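A.B. asks: pasting the structure only:
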């Protein structure tokens with residue numbers, strides 16, 4: 001990217017297949033798979049990590065917030081599900097809400 005960042009984009013299989021899942025039952029698997037992908041990418045010894053999640057991804061980010069204490073980690077929540085917004089946020093968190101004003 002222009003700013004010298006590398007990007008790891010995670011697309012979940014159910015999204016690609018455009019099928020619904022029981023998120024309450026599958027969230028643990030999604031978190032596990034996401035953590036495995038991030039851990040593999042962090043083998044490159046990155047010092048700073050920015051996690052960006054949208055909708056369901058914001059739940060997954062919450063589960064991973066404490067996983068990388070040795071990294072300078074920031075979080076960006078895009079259109080989060082209300083229940084996924086952290087109760088307490090520090091300066092390392094940006095939350096962006098939106099609405100469909102055309103309808």
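C.D. replies: On my side now, so go ahead. All values derive from a computational prediction rather than experimental measurement.
A.B. asks: for this structure, what spans make up the helices?
C.D. replies: Using DSSP state H, the helices of the chain run over 13-16, 23-41, 56-64.
A.B. asks: between the second one and helix 56-64, what angle do the directions make?
C.D. replies: If you take axes from the mean of the first three to the mean of the last three CA atoms, to 10 degrees, helix 23-41 sits at 70 degrees to helix 56-64.
A.B. asks: Output the contacting helices and strands for helix 23-41.
C.D. replies: helix 56-64 (3 or more CB pairs under 8 Å, 6 or more residues apart in numbering; DSSP states H and E). Every C-beta, even on glycine, is put in place using the N, C-alpha and C of the backbone.
A.B. asks: quick one: contacts of the helix it packs on?
C.D. replies: Residues outside helix 56-64 that contact it (CB atoms under 8 Å, 6 or more residues apart in numbering): 10, 12, 23, 27, 30-31, 34-35, 38, 51, 53, 75, 77-78, 80-81, 83-86.
A.B. asks: returning to what we had before: residue 95: which of the helices of the chain is closest?
C.D. replies: Comparing these against residue 95 with CB to CB, the closest turns out to be helix 56-64 (8.7 Å).
A.B. asks: Quick one: mean pLDDT over the closest one.
C.D. replies: The average pLDDT for helix 56-64 rounds to 85.
A.B. asks: which stretches of this protein aren't confidently modelled?
C.D. replies: For the chain, applying pLDDT under 70 flags the ranges 1-2, 13-21, 23, 100-103.
A.B. asks: separation between the residue nearest the centre of the chain and residue 76?
C.D. replies: What sits nearest the mean C-alpha location of the chain, by CA atoms, centre = their mean, is residue 53, with 3.4 Å. Going from residue 53 to residue 76 by CB to CB, to the nearest Å gives 7 Å.
A.B. asks: The residue nearest to the centre of the chain is in contact with residue 77, isn't it?
C.D. replies: Yes. With contact defined as CB atoms under 8 Å, residue 53 reaches residue 77; the gap is 6.1 Å.
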